[in-house]
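Colleague: Fold the following and give me the result.
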Amino acid sequence: HTALQQGLSILDKWSNVCESLTTQYWKRYSSHPWKADKYVDIHTTQLSSRVEEIVAIRTAHEQIRQLLSPSEREELRISSSFGPFQKMNALQYNPYTKPVWDAACAQHHRNMADAERRIAATLRKSLQGMHTHAHQLLREFKRYQELLKRPVIRVELAQERTTLLGQLAVYIKTLHNDFLQKSSGHQVAGGEQVGPPKGKNLPEVVNNIVWARGLEANVIDAETTADALLNDLPAFASFSNSTHDLIEELRSYQRDLFNTWSGDMLEAIDNQAEPLGLETSGRLMELDIQDGRLRVHYSERLVQLLRETRQLTGFGYAVPARIQHTATTARKFYRHAVVLKQVANFYNTIDQQMLKCQQSMLLEAALAFEDLIKHPSRVAGMAVKTHKKVKDETKVQVTWDNPAILELYITRIQQAAERITTDNRRLRNMHATMCDKIANLMSVDLLRQASKWKEVIRSMREDMAGLVNHGFKDADMRPWKTHLDWQLYKALEYQYRMGLEEMNESLSELKVELTFRQQCVQFRPPLEEIRGRYYREMKKFMFLPHVFRGFTDKGSPGSVDFGTMVDKNASSFKSVYKKAESLFSRLEEICSKFEPWVVLGQVGGANELESLIEQHLVDVKDWENNFKVLKVKGREAEKLPNAIKVDCITVSTAPIRASIEDHIQQLLDALLVTLRRSALKDTTQIDEFLGKALDSLSSRPQTTDEIAEAKR
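Modeller: Sure thing, here's the model as predicted:
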């Protein structure tokens, strides 16, 4: 079946080629035109009809097999229906084999009559629910088109075919009304004018013809289907007349569109004020004095004419020779015109593509490009000089009809435009990079990360130096540098204000120690020196804008004075000094907190401490209480912090903690010494008392007074 379809396609293509050659192309061949009528290859046409009959029989047979069950196919002996064709070559066509073929076909139809009646009943059931859907019903009829051509099935489905014909008549009437409404541009409710649907990138005349051809194809499709399946119905003649009238009306509409277009184009070509044709000896481009825009002498209407001519010729219309000549001339230079229009668009929008602050950097390339636009004769003169002597090269013009010079001119102007585009792209990318770096600086702490600020600015200066090495002049970069300086000013001012608000916390860290010297708590370095260092760093930051250097030289025209930032933010200095004094007040409070811990160190040496203990401690309970308190204080001393953070100053307490531990140890030693000394003293007194008592008991009284004393 596939091979038959391919063969039929080849036969149809051959017939179409013969028709197109003898009706269109060869008739317009000026050297040897075809003068006869359309050539028709009779043998090919008849063979094609035979192949179509074979395809129809095979298609109908396959559809019958699909619609019947295996038992029905066996009952109706479908497999033996091709018996009449077995003793002949169906593809061998000539007038002598035609009667044999017709007899075989008639016998085949008789063999399939019972099966066709069975199929007709099946099709009637499947078509019952589609009477109100014209397109669906038509689609189903097309699906079984070969079956519906069989006489038996035609008779059985007469009612369904009559319904389809009625719906097709309504469909044709709807298409006709739609055509009349849109082709005449009637207005609908709301005042909106209705016209043919717009195709994408189609000229108006081509769009309307394509729309009309689409309607024509729909009408022809409906008429062809009706002619194949419904031509035996009584109402078919009326339907056929309406379709033929509509097809003729559509074709007349298309002819009118083409004739109107041809007349308009010929009138435009003859227009002396603004001729449509391309003046090949005229200038390529010119600058408009009023608005300064560059215009190419190759109108957009000429571009549209090319498209219209190409598409209408493809539709088979005989485009007038003058229009074809105009289109051919325009097509010859179309490629160059496209390039020149791109160049003109680039020239007209070049100011929008450049950054205003970088225009001076591109001025030299832009002037060179503009010189090529204003004086194309210089390029032409240089080209001609290479071949022959020319006294005045400015008299040589670049025109459409001079291909060599035109190619050279377009090459030069493209190179100039490419140079500007490349340089502008490089500068814009560099500008974006610079702005990103400056934007990132707004999140870099100016107090703590000043080195990163210096590194980023240094890298930006290196990038600018790279542009100078690439060929850009440093003097032309001044507006761009000034612009970047102002952006840098914003970032610096933001971080400057943040630094003023958080200076007491964000200044570089100062490390000091809290010590006990000369019997008092004090800092190392001394508090006065810490204060001096802090205020020096504070002053350095407060006046940083005065020494900050941007990208332009200080004092040069247009340079940015960063020092004005100090005066603008002077109102914040009062708060800065208040926070500084508050910081040092907190440092003094730290000293006060540690003074109770070093009271013992203010007593003096070990002797003074022992004397103080002996003076105030009398009995054993006093020493016990002091030992307990000393143990508690030792634990509390271990909990003292190793460092205390006061904004940007870190106070190390290790030295004073060591002193406190020494004092506690000294007190412990003194308590032990004094306790031992007190015990020794008491022991000595007891020994003296016992010695005296023993002496008194061992002596005998000699006199009465001594006896009386001893008794007492």
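Colleague: Name the next helix or strand following the strand or helix carrying residue 121 along the chain.
Modeller: Per DSSP states H and E, residue 121 falls inside helix 113-127. Toward the C-terminal end, the helix or strand that comes next after helix 113-127 (DSSP H and E) is helix 134-143.
Colleague: What does the pLDDT read for residue 193?
Modeller: The score at residue 193 is 55. That number is its pLDDT.
Colleague: can you start the count at 6 instead of 1 from here on
Modeller: Got it, the first residue is 6 from now on, which makes the last one we talked about residue 198.
Colleague: For stretch 657-666, buried residues please.
Modeller: Of all the residues in stretch 657-666, those buried under the rule 16 or more other CB atoms under 10 Å are 657, 658, 661, 662, 664, 665. Where C-beta positions appear, they are placed from N, C-alpha and C, glycine not excepted.
Colleague: Which residues belonging to stretch 574-589 are considered buried?
Modeller: Under 16+ other CB under 10 Å, the buried positions of stretch 574-589 are 574, 581, 584, 585, 588.
Colleague: export the residues you listed to TSV and tack on pLDDT, distance to residue 200 and secondary structure?
Modeller: Putting these into TSV (pLDDT from 0 to 100; distance: CB to CB, whole Å; DSSP: H, G, I helix; E, B strand; the rest coil) gives the following:
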residue	pLDDT	distance to residue 200	secondary structure
574	87	68	coil
581	87	76	helix
584	87	78	helix
585	87	82	helix
588	87	83	helix
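Colleague: Could you export the buried residues of stretch 657-666 as TSV, including pLDDT?
Modeller: Converted to TSV, the buried residues of stretch 657-666 look like this (pLDDT from 0 to 100):
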residue	pLDDT
657	88
658	85
661	82
662	84
664	83
665	81
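Colleague: and the helix or strand that residue 423 is a member of, which residues are buried?
Modeller: Using DSSP H and E, residue 423 sits within helix 408-446. Applying a neighbour-count criterion of 16+ other CB under 10 Å, one finds 410-411, 413-415, 417-418, 421-422, 424-425, 428-429, 432, 435-436, 439, 442-443, 446 buried in helix 408-446.
Colleague: Residue 223 touches residue 179, doesn't it?
Modeller: No - Residue 223 is not in contact with residue 179 according to CB atoms under 8 Å; the separation is 10.4 Å.
Colleague: And these two? Which one has more around it.
Modeller: Between residue 223 and residue 179, residue 223 has the larger neighbour count (other CB atoms under 10 Å), namely 15 against 11.
Colleague: and the helix holding residue 423, how far from the chain's centre?
Modeller: Mean C-alpha position of helix 408-446 versus that of the full chain (CA atoms, centre = their mean, to the nearest Å) differs by 22 Å.
Colleague: which secondary structure elements does it contact?
Modeller: Packing partners of helix 408-446 (3 or more CB pairs under 8 Å, 6 or more residues apart in numbering; DSSP states H and E): helix 339-353, helix 368-379, helix 381-390, helix 455-475, helix 483-506.
Colleague: who does the fourth one touch, helix- and strand-wise?
Modeller: Packed against helix 455-475, as judged by 3+ CB pairs under 8 Å, 6+ apart, are the following elements: helix 408-446, helix 483-506.
Colleague: Look up how far residue 187 lies from residue 83.
Modeller: Using CB to CB, to the nearest Å, one obtains 51 Å as the distance from residue 83 to residue 187.
Colleague: Next secondary structure element downstream of the helix or strand harbouring residue 641?
Modeller: Using DSSP H and E, residue 641 falls within helix 625-643. Where DSSP H and E defines the elements, the next helix or strand beyond helix 625-643 is strand 648-651.
Colleague: in its sheet, what does that following strand sit against?
Modeller: In its sheet, strand 648-651 lies beside strand 654-657 (antiparallel), with partners assigned from DSSP bridges.
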